[in-house]
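[1] take this sequence and fold it.
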Amino acid sequence: MPNDAELLFADHVGRFYARQYGFPPMAGRLLGHLLVCDPPQQTIDELADALLASRSAITGAVKLLETYGLARRTRTAGERMDRVSLNPDNRQPQNFDAALHQEHAALFREGLALLADAPPERRAPLEEMIALAEFLAERLPRLVDEWYAHRDELRASGRLPTPGAPSDRPTPDDPHGKAARHV
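    Next up is the predicted model:
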């Protein structure tokens, strides 16, 4: 059972994710709990007890966190219940894929084409969204490379723990860095 400080942390995470990302508060609370709980893998019943919530609320929150790649379910051979934990892949930068922003730009260009004869003030929002998407598509790959270099320096200095896998940095053949971390 979590202590009061852990429950308060889970509540803070829940409020932050609800405010910033539109998550249901329970999904954010579950994420906060998974970040600090011991053991790190817990059953739906254990999570419901810990967060003083119903099984259905926890199940719905788990499904949402799975959709975003933040949580995962595993089952040990012979067990009849899933265990929920943080997804180790979620520590990789999210939404830094240039293709996502290129797709946004293409989508906004489609809308801009509908406004070909419209006055400039009506076209302006889409033109700015296209410019932002193109900017992000160009700059984010370099930022991700900078992050990996910085993270590697932190790990080498001992200020950041090194995971058990030999390397979780993406390569051209493994753009998400999953091969070394696959469970």
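[2] so who does residue 24 touch?
    18, 60-61, 64 (C-beta atoms under 8 Å, 6 or more residues apart in numbering). All C-beta spots, glycine's among them, are computed from the backbone N, C-alpha and C.
[3] from the residues you listed, which two are the most distant?
    Greatest spatial distance among those (C-beta to C-beta): 18 and 60, at 14.1 Å.
[4] all the helices of the protein, in order from the start?
    4-21, 25-36, 44-51, 55-67, 98-114, 120-157 (DSSP state H).
[5] low-scoring stretches of the chain, by residue?
    Low-confidence segments of the chain, defined by pLDDT under 70: 1, 92, 164-183.
[6] which residue of it lies farthest from its centroid?
    Distance from the centre of the chain peaks at residue 117, with 40.0 Å (C-alpha atoms, centre = their mean).
[7] list phi and psi for it.
    phi -100, psi 10 (degrees, to the nearest 10).
[8] go through the helices of the chain and pick out the most buried.
    helix 25-36 (a mean of 23; mean count of other C-beta atoms under 10 Å).
[9] how is this protein divided into domains?
    Per automatic domain parsing, the structural domains of the chain span 4-90, 98-157.
[10] can you check which of those gets nearest to residue 163?
    That would be domain 4-90 among those, by C-beta to C-beta, at 7.5 Å.
[11] and the closest residue to residue 123 other than its chain neighbours, what is it in contact with?
    Spatial nearest neighbour of residue 123, chain neighbours left out: residue 115 (5.0 Å); criterion: C-beta to C-beta, 6 or more residues apart in numbering. Residue 115 is in contact with 122-123, 126, counting by C-beta under 8 Å, 6+ apart.
[12] swap in 10 Å and give it another go.
    With contact set as C-beta atoms under 10 Å, 6 or more residues apart in numbering, residue 115 has these partners: 122-127.
[13] also residue 130?
    With C-beta under 10 Å, 6+ apart, residue 130 has these contacts: 104-109, 111-112.
[14] from residue 107, how far off is the residue farthest from the centre of the chain?
    Going from residue 117 to residue 107 by C-beta to C-beta, to the nearest Å gives 20 Å.
[15] now do residue 44
    From residue 44 across to residue 107, the span is 37 Å (C-beta to C-beta).
[16] could you dump stretch 47-56 to CSV, C-alpha only?
    Output in CSV follows, covering the C-alpha atoms of stretch 47-56 (Å, rounded to 0.1, in the frame of the first residue of the first chain):
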residue,chain,number,x,y,z
LEU,A,47,-3.5,-1.1,-8.3
ALA,A,48,-7.2,-0.6,-7.4
ASP,A,49,-6.4,-1.1,-3.7
ALA,A,50,-3.4,1.2,-3.9
LEU,A,51,-5.2,4.0,-5.7
LEU,A,52,-8.5,3.5,-3.8
ALA,A,53,-10.3,3.0,-7.1
SER,A,54,-12.5,0.5,-8.8
ARG,A,55,-11.1,-2.3,-11.0
SER,A,56,-13.0,-0.9,-14.0
